[in-house]
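Peer 1: sharing a model prediction with you, sequence too.
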Amino acid sequence: MERPTLEFNLPDTHEEGKLYVVDSLNNLNKLNVCPDESQHSLDEEEISGGTGERMGGSNTGNQCLFFITFILTLIVSLALVSFVLTLIIQTRNEVDQISSRLLSEKKNIEELKKFNNIILKHLNQSGIKE
């Protein structure tokens, strides 16, 4: 794909005018050649003085900081969820133990009531009264 060359008949102007026209032609060429994403990086390079340093370099640092913060937040959340699940499991085990003890004590109380009734019946039949 060949691009047609742009030819302009430039009138004789002062030195400053020539520089302005050349700069405008360079900008026009950048718009025609570069895609939109790279145009932003070229503009940033021009702003920084063309030394190769970008003013938007902190954007990468911000993304890295955000990523690290996000990972740390996930790790802390995972630790808290694990801790809560451990507490729930331990509490459930304790409740199961207590409920089994209560059931065994209930059986013991019912047996004691039966023995008490048997003793009272035997005492009533034997004629011994209090």
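Peer 2: Arrived safely, thanks for sending.

Peer 1: do me a favour and average the pLDDT over the helix or strand hosting residue 82.
Peer 2: If you go by DSSP states H and E, residue 82 is part of helix 57-126. Mean pLDDT, computed over helix 57-126, is 93.

Peer 1: what is that helix packed up against?
Peer 2: Counting contacts by 3 or more C-beta pairs under 8 Å, 6 or more residues apart in numbering; DSSP states H and E, helix 57-126 is packed against no other helix or strand. C-beta coordinates here come from the backbone N, C-alpha and C atoms, glycine included.

Peer 1: residues near residue 97, how many?
Peer 2: 10 (other C-beta atoms under 10 Å).

Peer 1: let me know the pLDDT of residue 3.
Peer 2: For residue 3, the pLDDT comes out at 53.

Peer 1: again with the one 10 residues further on
Peer 2: At residue 13 the predicted local confidence, pLDDT, stands at 48.

Peer 1: for residue 44, same thing?
Peer 2: For residue 44, pLDDT reads 56.
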